[in-house]
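In: Sequence unavailable; structure follows:
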């Protein structure tokens, strides 16, 4: 495995905590240019002096984050704005009223204390939008079939260095290790301090089940600095005389029993059913048989993840035969403070509708109780123990495919009786935006006795990008903007969090840089 240290060196720039400035002009470039900073939440101001070589419909523009593109040079000689923030492209007036070819002009963008965003040319505001909150992950000055001179840029506000400056360990790049793609990470720390990363080994393509895929493992004994060569730990081979591409295993969950040290890795296995998906139609059906339903499979290790048992089929003891599907939720399970083992799970009920719930065991995993669903039309979920001993289930919600309003957000429920009954949490639908994607949630007791929750997901309502880690010190009731860290503004999808040690957080996630990367965050970065 390769340790990749990415540092951004600003030869043409200067940057302070609250300001950034281009110190050397960039003349007549055909390439995109991005200032080496990002804007955190709150007010900011950007002013730039630019010029364009020509004005003939080349669509030169400035991207403000990834949700708004302000165009100087649109078709028909019109200024325009586009992007998910505005929906359908809007025309703003004639280019010739504001810009002449080869002549410098002033472009500005700013956000005030009330989160109103304005942009314009000269001294004229040409676009305004209310309620534009959160991180502006980048500005991109984009010539687009033109040449742009960038004579000056000044940015003020609550600034931060770009996330690419954080050390990154590449776990897998597409095509490495004779495997097309690694996906669906889960990570945990063993009692001996070893980090175990699990994931899908998708040998032939990025596609979901059904296909040739196994559950893979990488181990790190030095806090995530280096990792062992990936190897499969759950492989159903050519079971039933069907090919590898009809015996795929996917969506791993890893659970460490901190009382005994035993490690459980669970996943879903589909036998046969080529061309199907377990979440769609008859890809998984009512019943328990391997030719009917996707199966709930488990492998175990009692030697710190060095060797693993043969796959065990838990379907009959867990799944209601009337359900279409019952499966682990990818990521990690937990051992509660009283020793109870808890694993987040998901399924499709007797009508085929998705739900999220959990399973728990008080006898070290010999038997398990299946909870009631916390919510319906939800799927992949993460569980954490709160300060009073209750459990929080944080869920991917299919309603967010359509809902991009203020009520977009993770579904969140809590239980005080191991899932027999559930109550909607105050942070439900609104506190944690999502584009409909798996996320991770863990809890950790700080040295001063406070309990911290850490949450990771792509911080966007529209696309899998802006991979962000947040911290809450009040059982998830609030997630302050000054306690969030952006890791990857260009990408980020599935993720899994782990405490590397008492003061270091780790994250294994799908990144714009590679299939899977591992990064660490000192808890002091959250202001602790």
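Out: That came through fine. Here the structure is a predicted model, which is why all the values come from computation and not from measurement. Numbers count the residues shown, from 1 in each chain.
In: top strand in this protein by residue count?
Out: strand 38-52 (DSSP state E).
In: Mind listing residues that contact the next helix or strand after that one?
Out: Downstream of strand 38-52, the next assigned helix or strand under DSSP states H and E is strand 61-64. Residues external to strand 61-64 that are found in contact with it (Cβ atoms under 8 Å, 6 or more residues apart in numbering): 48, 69-73, 83, 107, 109, 117, 119, 136, 138-142, 144. No exception for glycine: its C-beta is placed from N, CA and C like everyone else's.
In: Domains in this protein, by residue range?
Out: Per automatic domain parsing, the domain ranges recorded for the chain read 2-163, 166-526.
In: Need these in TSV (columns: mean neighbour count and mean pLDDT).
Out: Formatted as TSV, these follow (neighbours: other Cβ atoms under 10 Å; pLDDT from 0 to 100):
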stretch	mean neighbour count	mean pLDDT
domain 2-163	17	85
domain 166-526	20	97
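In: Tell me how far residue 491 lies from residue 515.
Out: Distance, residue 491 to residue 515, by Cβ to Cβ, to the nearest Å: 11 Å.
In: my bad, should have said residue 320
Out: 35 Å.
In: what do you get for residue 410?
Out: From residue 410 across to residue 515, the span is 24 Å (Cβ to Cβ).
In: again, but for residue 142
Out: Applying Cβ to Cβ, the value for residue 142 to residue 515 is 28 Å.
In: residue ranges of the strands in the stretch 351-500 of the chain, please?
Out: Ranges of strands in the stretch 351-500 of the chain, per DSSP state E, counting those that start in this stretch, are 354-361, 369-370, 375-376, 378-385, 391-397, 411-415, 423-424, 440-445, 451-458, 467-472, 484-488, 495-501.
In: can you list those strands in JSON lines and add distance to residue 249?
Out: Putting these into JSON lines (distance: least, Cβ to Cβ, whole Å) gives the following:
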{"stretch": "strand 354-361", "distance to residue 249": "19"}
{"stretch": "strand 369-370", "distance to residue 249": "21"}
{"stretch": "strand 375-376", "distance to residue 249": "26"}
{"stretch": "strand 378-385", "distance to residue 249": "16"}
{"stretch": "strand 391-397", "distance to residue 249": "21"}
{"stretch": "strand 411-415", "distance to residue 249": "27"}
{"stretch": "strand 423-424", "distance to residue 249": "34"}
{"stretch": "strand 440-445", "distance to residue 249": "21"}
{"stretch": "strand 451-458", "distance to residue 249": "24"}
{"stretch": "strand 467-472", "distance to residue 249": "26"}
{"stretch": "strand 484-488", "distance to residue 249": "27"}
{"stretch": "strand 495-501", "distance to residue 249": "17"}
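In: Residue 341: which of the ones you listed is closest?
Out: Among those, strand 354-361 comes nearest to residue 341, with 4.5 Å by Cβ to Cβ.
In: Quickly find the element holding the nearest residue to residue 122 once chain neighbours are set aside.
Out: Nearest residue to residue 122, sequence neighbours excluded (Cβ to Cβ, 6 or more residues apart in numbering): residue 106, at 5.5 Å. For residue 106, the host element (DSSP H and E) is strand 105-111.
In: Now find how far off-centre that strand is within its chain.
Out: Computed by Cα atoms, centre = their mean, to the nearest Å, the chain-centroid distance of strand 105-111 equals 31 Å.
In: in its sheet, what does it sit against?
Out: strand 38-52 (antiparallel), strand 117-121 (antiparallel) (DSSP bridges).
In: Turn those strands into TSV, columns for distance to residue 62.
Out: Formatted as TSV, the strands paired with strand 105-111 follow (distance: least, Cβ to Cβ, whole Å):
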stretch	distance to residue 62
strand 38-52	8
strand 117-121	8
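In: Looking at those, which is nearest to residue 482?
Out: strand 38-52 (7.8 Å).
In: and the angle for the closest one with strand 484-488?
Out: If you take axes from the mean of the first three to the mean of the last three Cα atoms, to 10 degrees, strand 38-52 sits at 50 degrees to strand 484-488.
In: from here on, count from 13
Out: Understood, numbering begins at 13; the last thing we discussed is strand 50-64.
In: What is the distance between strand 50-64 and the centre of its chain?
Out: For strand 50-64, the separation from the chain centroid amounts to 26 Å (computed by Cα atoms, centre = their mean).
In: now stretch 258-268
Out: The chain centroid and the centroid of stretch 258-268 are separated by 19 Å, computed with Cα atoms, centre = their mean.
In: For the nearest residue to residue 537 once chain neighbours are set aside, list the residues it contacts.
Out: Spatial nearest neighbour of residue 537, chain neighbours left out: residue 497 (6.1 Å); criterion: Cβ to Cβ, 6+ apart. Taking Cβ under 8 Å, 6+ apart as the criterion, residue 497 is in contact with 175, 480, 481, 482, 533, 537, 538.
In: repeat for residue 449
Out: Each residue near residue 449 by Cβ under 8 Å, 6+ apart is listed here: 408, 469, 470, 476, 505, 506.
In: same thing with residue 511?
Out: Here residue 511 is in contact with 201, 454, 456, 517, 518 (Cβ under 8 Å, 6+ apart).
In: Next, format those residues as a markdown table and append distance to residue 290.
Out: Compiled in a markdown table, the contacts of residue 511 are given as follows (distance: Cβ to Cβ, whole Å):
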| residue | distance to residue 290 |
| --- | --- |
| 201 | 30 |
| 454 | 26 |
| 456 | 33 |
| 517 | 32 |
| 518 | 29 |
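In: Tell me which stretches of the stretch 13-162 of the chain form helices.
Out: Along the stretch 13-162 of the chain, no segments are classed as helices by DSSP state H, counting those that start in this stretch.
In: mind listing the strands for it?
Out: So, for the stretch 13-162 of the chain - with DSSP E, counting those that start in this stretch - the strands run 14-16, 25-27, 31-34, 38-41, 50-64, 73-76, 80-83, 90-95, 99-106, 117-123, 129-133, 136-141, 151-154, 160-172.
In: Among these, single out whichever gets nearest to residue 374.
Out: With Cβ to Cβ as the measure, strand 14-16 is the member of the strands of the stretch 13-162 of the chain nearest residue 374 (41.3 Å).
In: Just confirm residue 305 contacts residue 298, I think it does.
Out: Yes. With contacts counted by Cβ atoms under 8 Å, residue 305 reaches residue 298, the gap being 7.2 Å.
In: quick one: common contacting residues for the two?
Out: With Cβ under 8 Å, 6+ apart, residue 305 and residue 298 have common neighbours residue 336.
In: I'd guessed residue 466 sits against residue 454; true?
Out: Yes. With contact defined as Cβ under 8 Å, residue 466 counts as touching residue 454 (5.4 Å).
In: hey, what's in contact with both of the two?
Out: Joint contacts of residue 466 and residue 454 (Cβ under 8 Å, 6+ apart) are residue 509.
In: ok, residue 412 touching residue 421?
Out: Yes. Using Cβ under 8 Å, residue 412 is in contact with residue 421, at 7.2 Å.
In: Give me the common contacts of these two.
Out: Applying Cβ under 8 Å, 6+ apart, one finds that residue 412 and residue 421 are jointly contacted by residue 446.
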